[in-house]
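**Q** Predicted structure and sequence below. I'll ask about it afterward.
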Amino acid sequence: MTDLSVNLNAVALLRNRRDLPWPSVTGLGRIALEAGASGLTVHPRPDERHTRRSDLPELKALIRSEFPDREFNIEGYPSGDFLDLVEEIAPHQVTLVPDEPGQATSDHGWDFVAHADRLTSIVTRLKEAGARVSLFSDPEPAGIEAAHATGTDRIELYTGPYGAAWDDAGAAAREVEKLGETADAAFALGLGVNAGHDLTVANLPALVARIPELAEVSIGHGLTADALTYGMAETVRRFRRACGQRV
Ligand SMILES: CC(=O)[C@@H](O)[C@H](O)COP(=O)(O)O
Ligand SMILES: NCC(=O)COP(=O)(O)O
């Protein structure tokens with residue numbers, strides 16, 4: 001079964017339009033967990049335009065006190081500040097993403113060969129601190145052996161090109177096959193596989209059908225957009241069904 005982790009970045013972006021505490025990032029996280037999300041994801045960026053550093057202890061406390069069987073996943077570029085932050089918060093999973101500080105959103109995975117030494121030492125540090133580590137990965141099977149060599153537990157497949165191809169059935173089928181072949185290469189080496197970026201209720205079923213052992217999807221933009229129409233709780237249930245969960 002594929003778990004659904006709800007990314008709260010888009011909720012935080014809406015909140016940050018005003019100097020007001022709503023929509024509440026923690027409050028909507030609670031609704032998502034009550035509706036059966038397996039966890040919460042945040043991607044704090046250096047400019048704090050989405051989730052802020054100050055959101056993280058609250059979200060950690062929410063999960064620890066009210067939903068101890070769910071997971072907190074923190075994503076981001078492994079700067080010194082980011083690594084200090086995740087060591088302080090101690091989430092269940094840390095997903096390392098090769099974003100430049102000013103980047104609008106994530107748009108590629110790691111070059112595992114070029115960053116082999118640095119990633120290996122960071123993965124070691126985070127695993128020693130008790131986190132599961134996942135590395136953001138392009139849908140490219142050739143890179144997976146180098147990803148595995150870093151000692152990472154999982155990869156997260158970058159599904160942006162698949163999301164972008166969705167309106168063209170042939171292109172979407174090609175993209176899902178590339179994702180599937182990359183996942184197969186990861187499974188063959190014993191890695192777990194997550195996925196995320198531009199996933200929707202429409203495009204999830206074909207992804208999960210091609211990769212039935214997909215451990216987790218983290219979804220923010222499309223899920224938050226749907227929550228404006230259906231409400232957060234009903235939206236989480238819709239996405240869980242699209243993941244193949246019985247709801
Ligand atoms: C790694 C990844 O794909 C997500 O964390 C994504 O970066 C979230 O996007 P936003 O921060 O733009 O909502
Ligand atoms: N890791 C991907 C993620 O958390 C959410 O990406 P998106 O659904 O906001 O594109």
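**A** Here it is on my side, so go on. Note that the coordinates shown come from a computational prediction; the quantities given were computed from them, not determined experimentally. Residues are numbered from 1 along each chain as shown. Ligands and ions are numbered 1, 2, ... in the order given.
**Q** neighbours around Glu71, how many?
**A** Neighbour count of Glu71, defined by other Cβ atoms under 10 Å: 18. The C-beta positions use only the backbone N, C-alpha and C, and glycine is treated the same way.
**Q** hang on, isn't it packed against Arg64?
**A** No - in this structure, Glu71 is not within contact of Arg64 by Cβ atoms under 8 Å, at 11.0 Å.
**Q** quick one, strands of this protein?
**A** 3-7, 39-42, 71-76, 93-96, 132-137, 154-158, 192-196, 216-219 (DSSP state E).
**Q** could you dump those strands to CSV with distance to ligand 2?
**A** Listed next are these as CSV, based on distance: least, Cβ to the nearest ligand atom, whole Å:
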stretch, distance to ligand 2
strand 3-7, 4
strand 39-42, 5
strand 71-76, 6
strand 93-96, 6
strand 132-137, 7
strand 154-158, 6
strand 192-196, 3
strand 216-219, 3
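**Q** export those to JSON lines and tack on mean pLDDT and distance to Ala165?
**A** Below are the strands of the chain laid out as JSON lines (pLDDT from 0 to 100; distance: least, Cβ to Cβ, whole Å):
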{"stretch": "strand 3-7", "mean pLDDT": "98", "distance to Ala165": "21"}
{"stretch": "strand 39-42", "mean pLDDT": "98", "distance to Ala165": "23"}
{"stretch": "strand 71-76", "mean pLDDT": "98", "distance to Ala165": "23"}
{"stretch": "strand 93-96", "mean pLDDT": "98", "distance to Ala165": "23"}
{"stretch": "strand 132-137", "mean pLDDT": "98", "distance to Ala165": "18"}
{"stretch": "strand 154-158", "mean pLDDT": "98", "distance to Ala165": "13"}
{"stretch": "strand 192-196", "mean pLDDT": "98", "distance to Ala165": "15"}
{"stretch": "strand 216-219", "mean pLDDT": "98", "distance to Ala165": "17"}
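**Q** Can you add distance to Ile122 and give those strands back as CSV?
**A** Conversion of these to CSV gives the following (distance: least, Cβ to Cβ, whole Å):
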stretch, distance to Ile122
strand 3-7, 21
strand 39-42, 19
strand 71-76, 12
strand 93-96, 7
strand 132-137, 8
strand 154-158, 15
strand 192-196, 18
strand 216-219, 20
